[in-house]
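1. Sequence plus predicted model, see below.
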Amino acid sequence: MRHIKTISLLVLVLVFIRNYASGEDGFVEIIESNVNIYGSPDLSSAVVAEAEKGDIFELCEEDRGWYEIKMFSVRGRYIPESSAEMCEHMVSLPSASTCRAIRDALPELETRAQEEADFKYPVYHVAGNPHGDPYKEYQNREYTLLLVDRYKLALFRRLSVQPAAYNKILEKTERQKIRGE
């Protein structure tokens, strides 16, 4: 009887290590076509981009009918829970040339997003107020991040790379850059 308890405890510890201490986060897979990704957990909030069936995103949190997912910017993005399901996913990297193509495209995408945000929400710095209008700066910053997420998702889709691989690609391309590749 004592051996059964010991084995049961060992199995529980191994399951815990596999699921929680392995360094892999939770993921969600989109199970419907053309799923809106929102800026906040509200159907009336800004649509950041559109997810496709089979897209896999890193899961940040699950809350009242919404999944908060990690895309590319620092902002959490949201999808309705009914449009996705939690899944196990082992992040695999694309080829080195695809990683380099992503790395090389990112500055241009970020510049394009900033330019479009500057056009839509111009931030003027005038004499006497070097910081400009704080609300316009906030709108500009948020719109820039929205566009960054939208453009990077389009890039990943064009290159057939899962969005969940983004952070590992950044790590790999940083190592490539250090080695001069």
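-> Now that the structure is in, tell me what you want to look at.

2. Would you map out the domains in the protein?
-> Taking automatic domain parsing as the criterion, the chain consists of the domains 2-87, 96-179.

3. Worst mean pLDDT among the ones you listed?
-> If the domains of the chain are sorted by mean pLDDT, domain 2-87 sits at the bottom with a mean of 82.

4. can you give me the helices in this protein?
-> Taking DSSP state H to define them, one finds helices in the chain at 2-20, 96-120, 134-158, 166-179.

5. of those, which approaches V74 most closely?
-> V74 lies closest to helix 134-158 among the helices of the chain, at 6.9 Å (CB to CB). All C-beta spots, glycine's among them, are computed from the backbone N, C-alpha and C.

6. Mind listing residues that contact that closest one?
-> 37, 39, 46, 48-49, 51-52, 55, 71-75, 77, 102, 105-106, 109-110, 112-114, 116-118, 120-124, 131, 162-163, 165-166 (CB atoms under 8 Å, 6 or more residues apart in numbering).

7. what's the burial count for the closest residue to W66 other than its chain neighbours?
-> Distances taken as CB to CB, 6 or more residues apart in numbering place P41 nearest to W66, at 4.0 Å, with adjacent residues excluded. The number of residues packed around P41, counting by other CB atoms under 10 Å, is 19.

8. Then A117?
-> By other CB under 10 Å, 21 other residues sit near A117.

9. so how far is K70 from it?
-> Look at A117 and K70: by CB to CB, to the nearest Å, they are 21 Å apart.

10. just E50 next, same as before
-> Separation of E50 from K70 (CB to CB) stands at 17 Å.

11. Please consider this matter closed, and thank you.
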